[in-house]
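> quick one: sequence plus predicted model below, questions after.
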Amino acid sequence: MRISPSALNLFKDCPRCFWLDRVAKCPRPPGIKASLPNGIDAVLKAFYDSHRKAGTKPPEVEDIPGRLFQEQGKLDRWRNWMTGPVFRLGSTVVTGALDDVWDNGDGTFSPFDFKTKGTAPTAGYAERYYMTQGSVYELLLQGEGMKTNGKAVFAFYSPRSSRGLGVFEFDVTIVEMKTDIETSKVLIGQAVDCLGSSTFPEPTPGCKFCLYRSRDAREVVPE
């Protein structure tokens with residue numbers, strides 16, 4: 001069984017939708033997804049790679065002790081979910097794709113992830129929304145035999161202004177977040193138990209997808 005951070009987030013949001021997605025092959029409708037964040041992500045990876053090749057640090061992370069992970073070939077593989085790092089927990093294989101890795105300079109490494117956000121993150125934002133991702137990414141590094149330090153690094157890029165001709169300026173907020181890999185291991189076990197259970201999960205209160213599925217379409221779609 002293979003589990004990813006996005007699958008775990010779905011399980012946390014709604015076990016029934018998670019079960020329907022993985023067992024019944026009935027995923028949530030994807031809706032419209034903006035491609036701009038993916039474009040910015042690709043540009044940032046190329047920018048960080050250029051500094052990696054030059055042996056320098058991007059100015060936004062200049063004050064963080066350590067340096068960028070130096071093994072470009074390995075990082076290229078880890079950026080693809082098909083060849084990304086894995087962590088094995090019993091018979092479960094946890095997989096994912098990393099943006100980057102930070103070498104802390106003391107023999108330990110931390111997952112490093114780029115995020116785009118309309119406004120700068122407030123205090124506690126990363127912990128609230130990205131604790132599972134950061135913690136699972138740390139497990140992935142451990143699965144590859146790397147020593148970690150209990151932290152994940154997130155770089156939030158938020159647009160500030162435009163200078164015209166397509167040139168935008170962004171504010172950058174660097175968050176070094178303490179991870180919780182033990183809670184993530186428990187979460188992974190709960191997700192696996194959910195998929196193996198003979199009991200269909202109950203609808204999750206507040207889940208709009210469960211609410212829609214429980215109603216007759218004629219009640220929500222006018223004739």
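Cool, got the structure.

> and the strands in this protein?
2-3, 67-68, 86-89, 92-95, 100-103, 109-116, 151-164, 167-178 (DSSP state E).

> where does the chain dip in pLDDT?
Counting by pLDDT under 70, the ranges of the chain that qualify are 216-223.

> do that again at 90, thanks
Scanning the chain for pLDDT under 90 picks out 1, 30-34, 197-200, 212-223.

> show me where it has its helices.
Secondary structure of the chain by DSSP state H: the helices cover 5-13, 15-22, 36-54, 72-78, 125-143, 181-196, 208-214, 217-220.

> nearest to G164, of these?
helix 36-54 (18.4 Å; CB to CB). (Each C-beta comes from the backbone N, C-alpha and C, glycine too.)

> which other helices and strands contact that closest one?
Counting contacts by 3 or more CB pairs under 8 Å, 6 or more residues apart in numbering; DSSP states H and E, helix 36-54 packs against strand 67-68, helix 72-78, strand 109-116, strand 151-164.

> name the residues that touch it?
57-58, 68-70, 72, 79, 99-100, 114, 116, 155, 157 (CB atoms under 8 Å, 6 or more residues apart in numbering).

> farthest-separated two in these?
Largest separation among the contacts of helix 36-54 by CB to CB: Q70 and T116, giving 25.8 Å.

> the two - which one has more neighbours?
More neighbours surround T116 than the other of Q70 and T116, with 18 against 12 (other CB atoms under 10 Å).

> OK, contacts around the more buried one?
Contacts of T116 (CB under 8 Å, 6+ apart): 36-37, 40-41, 156-158.

> can you tell me the closest non-neighbouring residue to it?
Sequence neighbours aside, P37 is the residue nearest to T116 in space, at 4.6 Å (criterion: CB to CB, 6 or more residues apart in numbering).

> one step back: just the buried subset of the contacts of helix 36-54, please.
Burial by neighbour count, judged by 16 or more other CB atoms under 10 Å, picks out 57, 68-69, 99-100, 114, 116, 155, 157 from those.

> now these as a markdown table including distance to V86?
Formatted as a markdown table, the buried ones among the contacts of helix 36-54 follow (distance: CB to CB, whole Å):
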| residue | distance to V86 |
| --- | --- |
| K57 | 29 |
| L68 | 22 |
| F69 | 17 |
| D99 | 17 |
| D100 | 18 |
| F114 | 22 |
| T116 | 27 |
| A155 | 24 |
| Y157 | 28 |
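
> hmm, N104 and L68 touching each other?
No. L68 is not in contact with N104 according to CB atoms under 8 Å; the separation is 11.2 Å.

> before we move on, back to that, closest to S135 out of the buried ones among the contacts of helix 36-54?
Closest to S135, out of all of these and judged by CB to CB, is D99, at 15.6 Å.

> bridging residues for the closest residue to G118 other than its chain neighbours?
Spatial nearest neighbour of G118, excluding adjacent residues (CB to CB, 6+ apart): S158 at 6.6 Å. For S158, the beta-bridge partners under DSSP bridges are D171.

> likewise W102?
Under the criterion used (DSSP bridges), W102 bridges to L68, S110.

> contacting residues for it?
Applying CB under 8 Å, 6+ apart, the residues near W102 are 61, 64, 66-69, 109-112, 153.

> which of those residues tops the neighbour count?
P111 (29 neighbours).

> how close does the residue most central in space within the chain sit to L187?
The centroid of the chain falls nearest to Q133 when counting by CA atoms, centre = their mean (4.3 Å). Distance, Q133 to L187, by CB to CB, to the nearest Å: 12 Å.
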